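J.: have a look at this fold, sequence not included:
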C-alpha cells in the first residue's frame, strides 16, 4: 500500500480517484505544526533553533497519517509546488522520523502544476527528494517574521496603547499607503491650460487637433500657466494662416500580453471585475483544486501562485492547434511567442504561468458547472493564455501635421484604424490612447485650412491617487516587497488590524495606521526601508538557490535589530510621542502666517497641542494643560476641519414638504436631520400602557455614508439620502421591487432574498435600474447579514451553514452556536470550507480542554 499526503481534503478526494485502490490519499489540513505564540520559540543564541508545536486539532489528523504510515510500503509527499508546500512536506517527514516510522520505507516527494489525471500520474512516475534549500528559505522567513513580531509588538503595546502588532512586510506596505496619504495632504494644485482647434478645409471636412508647437517651442504641460497667457496665444493664433504640412500613415503593431502571473491576474481582475486580491485568489484556488463536471472533479487551471510567464511546450502545441482550427493560419505566428518574465531564483520555483489545464475546454462550455465569478475569472485566464500565442494586432496610424505659414505654430491630429485584429480577436485590451478612435478625413499636404473654433481648457494638477489593491500589488512587486503568494494576506492583515480602511476601493490609512507607521519610521527606520526589505527578500531567494546559508542571513539581521530594540525600550512614552509630534508635525498641526507649525491651543491659548493616545479611541490631539483644558480634536486636520465646520448645524435647504434639512456632526460622524411629515394616525398603546412621546420624536436623523465628502453634500443629495429606502424599479425575472438603501456598511441593493453592495459609494446617487438588475442577477441568494463577510456553504456532516463573520474583535467563523476565531495571518476573504472546518475542529478541541480543566 502507498500513502500519499496532500494538504487539502478536497485535493485528497480528487487525487484518490485518479490513483486507484493501491493508494491511500490523506490530508494534513495545512501545516501540522508551527511556532507557539510565546517567547523562546526561536532561540538566536542557539543557531536560531525553533521549538515546534503540534496543536490538538492537527494531532487528530496526524494520528490518521501515522497509523496509515505504519502499514504503508511507500510514503509520497504531494503538497503544493512552492515554498510552503515544501515546508509542509518537510514537517511531515520530521514527525514521521521522530516516531521511527520511516525505517525500511521509501519516502518520495512529488509535485504537479495542475490537478488532472495525466499530471498526477506523471508526477508519481517522477519523484524527487525534499529540496532542503527551499525548506531553509521557509525557516528563515518564519524566524524573521517571529523575531520582528515578538520584539516590536510588545513595545507598540507599551508605548502606543491600543495598537495591535507590527508585521515585517505588512509594516512596509503600510508605509507605502501612509506616505501616499502624506503626499496627498501636502499637495498644492498648479494651474495650466491646453488648447485644441477645430480646422476645416474647402470641402468642409473637420479636423480636431491639439497645439503641439508655439513660438517655435514644443508644448509642455506648463507652457500656459494662466488665462492671460492662453488668451495672448489665442490672439496670435487667430491672426495666423494655416496649411497641411504633412500627412503620414504608418502601420504599427500591438503585441499580445504575456499569460498571467499571480500579481498580473490580481491587478487585471481588480480592474475588470472589481475583485480584491483575496477574492481573486480564493476563486483561482477553487478552479485549481477542481470543479465537478459530470461526476468527475477536474482542475481547470494550473497552480495560481507563480511569477513565471513560461508555458509548457505541450500546452503551446495545444494552443496553436486551437488557434489554427478556430481562427485560421493568419492568426498563428510562425514560431511560438516567448515572454521574458521575472527570472526564478531556483528551478523549484520556476512554475508555469497561470493557464487552463485544457485549452479546448472553452468558457461557454463550462458555464453550467461554475458560478458567475468563477466563469469571469476562468474566461479571463483562458482568453489571456490563448491570445498570448497569437499574432499581433495591426493598426493604421494616421497623423496630420498642421502648420502656420512661418512654421512657428503647429497643431497635430492623430487617429488609428484597426487593420488586423490579431490577438484582440480573443482578448480585449482597455484602450488608453485618446486618439485611437479619432477617424481623420482625407487631406493633402499643402492644402490651406482655416480655424473654425479654438477651444481653451483650464486644468489643475491632481495629487497622486491613493492605492487600490491592484496598484498596491503592482507597487510592492516593483519594489520587490513580498512575493506573489503573500500579497493578498498582507492587504488583509492591514484591514483587519484597522490600520487602513477602503473607501471607494482606495486605501486610506486610519489615524492608528498613521501613528504606527510614523512610530516605525522614526524608531525602526532601517526595518521599514524599501531597499532593506527588498534586499532581505532577495537574500531569502538566494537561500533557496543555495548561494547563502539561512543562519547567516538571520545572524546578520538579528545583531543590529536586537540593539535597536534595546534602545527603543529605554525611551519613555512621552519621549516617543514627542518624536512623533516632530515626525507628523506638518500633517497634524496647522501653520501660522509665517508658514511655521502652530501648536498653540485654540481653547486656552497658553497650552501647547500635542499628540496623545488612548487605548479605546486611539490617537488624538490634546492640550498640555489637561485636565484644566479639555481641548481635543482628531489627528487628521481634514477631520478636524469637518468637525469645526459642523460645530453649528448647517442649513442645506428645505425638503419637498417645506421642512428644513440640517447637516450636523455627531458622536458617530456627520448626519442629516429633518422634521418628519406628521401622519394623522392615532397610535394604539400596547397592553394598556400609554406610550410616551419623546421631545424629538418628529425628527429623523440620516447618516452620511462613509466615503462621501461632507463639504460636497448639497441639497439635492441630502433630499435623496433622506428619501431612502427607494424603489428603483422591478426585477424583470420576478416582478419584485429592487430597493436602494444605505446601512452600517454603506449603500446596497435589496430584492427579495438577494443583496448586493455598491462598492463605489458615489454610485448611490447615479445608479439606475439596468445596473441594479445586473447586480441583483449576479448576487447570491440567501439572507446576507451586514456582518457576514462570506457564506462558505453547508457543513458536510449536518448541512448547517458555515459563515465568515465580522465581529467586534475581528473576523470569526460561525457554525451553529460555535464561534471560531480566525488567526490574524489568515485572510477572512480567502478562507475555504476546508480552512473553516479546521478552525471549527480546533475550537471544539479548545472547548473540550477548557471543560476538563473546570471539572478538575
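T.: Arrived safely. All values reported here derive from a predicted model rather than from experimental measurement. Numbers count the residues shown, from 1 in each chain.
J.: does residue 469 touch residue 266 like I think?
T.: Yes - using CB atoms under 8 Å, residue 469 is in contact with residue 266, at 7.2 Å. From N, CA and C alone the C-beta is placed, and that goes for glycine too.
J.: what is in contact with the two at once?
T.: residue 277 (CB atoms under 8 Å, 6 or more residues apart in numbering).
J.: these two: which has the busier surroundings?
T.: residue 266 (30 against 25; other CB atoms under 10 Å).
J.: surely the more buried one and residue 485 touch.
T.: No - counting by CB under 8 Å, residue 266 does not reach residue 485; the two are 11.2 Å apart.
J.: state which helix of this protein is the longest.
T.: helix 132-159 (DSSP state H).
J.: next, the buried residues of the helix or strand just after that helix.
T.: Where DSSP states H and E defines the elements, the next helix or strand beyond helix 132-159 is helix 170-186. For helix 170-186, burial by neighbour count (16 or more other CB atoms under 10 Å) applies to 170-178, 180-182.
J.: averaged pLDDT, whichever helix or strand comes after helix 170-186. What do you get?
T.: Scanning forward in sequence from helix 170-186 by DSSP H and E, the next helix or strand is strand 191-200. When pLDDT is averaged along strand 191-200, the result is 96.
J.: flag every buried residue along the helix or strand just after strand 191-200.
T.: Sequence order places strand 206-214 as the next helix or strand after strand 191-200, per DSSP H and E. Going by neighbour count (16+ other CB under 10 Å), the buried part of strand 206-214 is 207-211, 213-214.
J.: can you give me the mean pLDDT across strand 206-214?
T.: 94.
J.: give me the residues contacting that strand.
T.: Strand 206-214 is contacted by residues 194-201, 218-219, 223, 233, 237, 400, 402, 408-413, 438, 440-441, 443, 449, 452 when judged by CB under 8 Å, 6+ apart.
J.: do the same with stretch 164-176
T.: Contacts for stretch 164-176 (CB under 8 Å, 6+ apart): 144-145, 148-149, 152-153, 156, 467, 472, 475-476, 481-482, 486, 490-491, 493-494, 497-500, 509, 513, 516-517, 520-521, 527-528, 530, 533, 824.
J.: rerun that using 7 Å as the cut-off
T.: With contact meaning CB atoms under 7 Å, 6 or more residues apart in numbering, stretch 164-176 is reached by 144-145, 148-149, 152-153, 156, 467, 472, 475-476, 481-482, 486, 490, 493-494, 497, 499, 513, 516-517, 520-521, 528, 530, 533.
J.: measure how far that stretch is from the centre of its chain, please.
T.: Centroid separation for stretch 164-176 versus its chain: 15 Å, with CA atoms, centre = their mean, to the nearest Å.
J.: got the angle between the longest helix of the chain and helix 170-186?
T.: 60 degrees (axes from the mean of the first three to the mean of the last three CA atoms, to 10 degrees).
J.: for residue 474, phi and psi?
T.: phi -60, psi -40 (degrees, to the nearest 10).
J.: after the helix or strand bottoming out on mean pLDDT in the chain, next one along is what?
T.: Least confident helix or strand of the chain, by mean pLDDT, DSSP states H and E, is helix 637-645 with a mean of 60. Next along the chain after helix 637-645, taking DSSP H and E as the criterion, comes strand 650-654.
J.: what's that following strand packed up against?
T.: strand 660-666, helix 715-722 (3 or more CB pairs under 7 Å, 6 or more residues apart in numbering; DSSP states H and E).
J.: so what strands line up beside that strand?
T.: Strand pairing for strand 650-654, determined by DSSP bridges: strand 660-666 (antiparallel).
J.: outside of the strand it pairs with, which residues touch it?
T.: 643, 646, 649-655, 670-675, 713, 718-719, 722.
J.: show the buried residues in those.
T.: Buried among the contacts of strand 660-666 by 16+ other CB under 10 Å: 643, 646, 650, 652, 655, 670-675, 713, 718-719, 722.
J.: and those residues, which two are furthest apart?
T.: 643 and 655 (25.4 Å; CB to CB).
J.: roughly how far is stretch 210-217 from the heart of the chain?
T.: 42 Å.
J.: filter the contacts of stretch 164-176 down to just the ones in helices.
T.: Counting by DSSP H, the contacts of stretch 164-176 contribute 144-145, 148-149, 152-153, 156, 472, 475-476, 490, 493-494, 513, 516-517, 520-521, 530, 533 to helices.
J.: which of those residues are buried, as a PyMOL select command?
T.: The PyMOL command for the buried members of those (criterion: 16+ other CB under 10 Å) is given here:
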select buried, resi 144+145+148+149+152+156+472+475+476+490+493+494+513+516+517+520+521+530+533
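J.: distance of the residue nearest the centre of the chain from residue 270?
T.: Nearest residue to the geometric centre of the chain (CA atoms, centre = their mean): residue 469, 2.8 Å. For residue 469, the distance to residue 270 (CB to CB, to the nearest Å) stands at 5 Å.
J.: so for the two, which residues contact both of them?
T.: Contacts common to residue 469 and residue 270, judged by CB under 7 Å, 6+ apart, are residue 276.
J.: which residues touch residue 266?
T.: Residue 266 neighbours (CB under 7 Å, 6+ apart): 277, 280, 470, 473, 487.
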